[in-house]
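Undergrad: sequence and predicted structure below; questions after.
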Amino acid sequence: MSSMAEMLQYLPFPFDRDEFPARLGAVVQCTVLDGVEPARQVIHAEDGSWLIGDGVNDPNGVGASIATHIWHAIERNSSMATLATTPPGHIATRANSGDEWIITWHERPDA
């Protein structure tokens with residue numbers, strides 16, 4: 001896959017073949033992309049966007065997160081590929097790398 005390919009924030013859900021589309025973008029915490037921390041949180045927001053975090057560091061700090069193709073994060077955390085069926089408004093969490101993903105309704109902290 002080329003990192004120069006078009007990236008889209010919103011794509012029709014559910015996804016074909018229950019797989020993340022190659023052009024799907026996500027906001028990903030840099031610690032996850034850099035391999036410093038495993039992905040511990042994958043949010044499919046109610047608006048259809050995707051967010052991926054390490055679950056331990058603040059993703060809102062300056063330079064803490066970046067918009068990128070979701071497959072960049074999946075390359076570091078292959079088990080995330082199984083989360084393509086996560087419904088909007090839900091979050092998948094796990095305690096650490098290798099643990100099972102648990103999908104629940106996502107309660108936004110600012111709600």
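TA: That came in fine, so what should we check first?

Undergrad: the helices in this structure, which residues?
TA: Taking DSSP state H as the test, the helices found in the chain are 30-33, 70-76.

Undergrad: can you list contacts of the first one?
TA: I take that to be helix 30-33. By Cβ atoms under 8 Å, 6 or more residues apart in numbering, the residues outside helix 30-33 that reach it are 37-39, 52-54, 57, 63-66, 68, 72-73, 76-77. For the C-beta atoms, the positions are set from N, CA and C on the backbone; glycine is no exception.

Undergrad: now, which of those sits nearest Gln9?
TA: When the contacts of helix 30-33 are compared for distance to Gln9 (Cβ to Cβ), Thr68 wins out at 11.3 Å.

Undergrad: so what's that closest one closest to, chain neighbours aside?
TA: The shortest distance from Thr68 to any residue other than its chain neighbours is 5.6 Å, reached at Val28 (Cβ to Cβ, 6 or more residues apart in numbering).

Undergrad: what comes up buried for stretch 32-48?
TA: With burial defined by 16 or more other Cβ atoms under 10 Å, the residues of stretch 32-48 counted as buried are 32-33, 37-44.

Undergrad: stretch 15-28 now?
TA: 20-21, 24-28.

Undergrad: which ones among the residues you listed map onto strands?
TA: Among those, the residues falling in strands (DSSP state E) are 25-28.

Undergrad: what's the neighbour count on the nearest residue to Gly35 once chain neighbours are set aside?
TA: Leaving out its chain neighbours, the residue that sits closest to Gly35 by Cβ to Cβ, 6+ apart is Arg76, at 5.5 Å. Neighbourhood size, Arg76 [other Cβ atoms under 10 Å]: 18.

Undergrad: how close does Arg76 sit to Leu8?
TA: Using Cβ to Cβ, to the nearest Å, Arg76 is found at 21 Å from Leu8.

Undergrad: cool, Ala64 as well?
TA: 23 Å.

Undergrad: so the two - more neighbours on which side?
TA: The neighbour comparison of Ala64 against Leu8 (other Cβ under 10 Å) goes to Ala64, with 14 against 11.
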